[in-house]
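1. Could you work out the structure for the sequence below:
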Amino acid sequence: IYGYYFLFLATIIESVPFIGLVFPGEVIVVAAGFFAARGNLSLFPVLIIASLGGIVGSNVGYALGFWGGRPLVDRWAHRYHVTDEHIRFAEDYFDNHGAKTVFFGRYMAGLKAFITALAGAARMKFSLFFVYSTAGIISWTILAGLLGFFFGQYFHIVIEIIQSIGCGSLIIFLIVISIA
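-> Model (predicted):
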């Protein structure tokens, strides 16, 4: 049962600006799927709990950006050479492309920790943010959880392949595939 609590907290934390950069939520959701395949957790609760944690974390990030984002930007922007023009560009960008940015931002490690706060600071409509953020979170969670689940189900086959071809051959194969 502690695994579910940890999963919930981890998926909240991964969406909080700055903290989410150093907290590997992606790995934790994949690992939870793996443990579900091994019988330590159940897949459906893993997907629900990880999605709910992601939704809570995203809303916290949005709120931080909405209530603290613009004043902090106004206060510190000059130190990082961010001009009023840059800020207006970001606000216009979220007006025009915010929904798809929030949705696809869930799939990019690191970016998901900031995209929610940026959406809030840019004053993206909360209803639009919530719909696209939730859709992105649920789709990403299903993908990551199932990836871990299927890896867990076929783990013995993966081990057999590694043993038969050797680790060196596997590494070379993965490098060649990633380059191609």
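2. So which residues of the protein form strands?
-> Shown for the chain, no strands are assigned by DSSP state E.
3. how far away is the residue lying closest to Ala10 once chain neighbours are set aside from Ser15?
-> In space, and not counting its chain neighbours, Ala10 is closest to Ile28: 4.5 Å by C-beta to C-beta, 6 or more residues apart in numbering. C-beta here means a position set from N, CA and C on the backbone, and glycine is covered the same way. Per C-beta to C-beta, to the nearest Å, Ile28 is found 12 Å from Ser15.
4. Tell me which of the two has more neighbours.
-> Taking neighbours as other C-beta atoms under 10 Å, Ile28 and Ser15 compare with Ser15 leading, 29 against 22.
5. any idea how far the closest residue to the more buried one other than its chain neighbours is from Ile13?
-> Using C-beta to C-beta, 6+ apart and skipping the chain neighbours, the partner closest in space to Ser15 is Gly57 (3.0 Å). When C-beta to C-beta is applied, the distance between Gly57 and Ile13 equals 7 Å.
6. quick one, which of those two is more surrounded?
-> More crowded of Gly57 and Ile13, by other C-beta under 10 Å: Gly57, with 28 against 18.
7. What residues does that one make contact with?
-> 11-16, 20, 116 (C-beta atoms under 8 Å, 6 or more residues apart in numbering).
8. Then Pro24?
-> With C-beta under 8 Å, 6+ apart, Pro24 has these contacts: Glu14.
9. ok now stretch 53-68, how far from the chain's centre?
-> Relative to its parent chain, stretch 53-68 has a centroid offset of 13 Å by C-alpha atoms, centre = their mean, to the nearest Å.
10. So which bits of it are buried?
-> Across stretch 53-68, burial judged by 16 or more other C-beta atoms under 10 Å covers 53-62, 64-66.
11. taking these one by one, which sit in helices?
-> 53-62, 64 (DSSP state H).
12. hey, which helix is longest across this protein?
-> helix 126-153.
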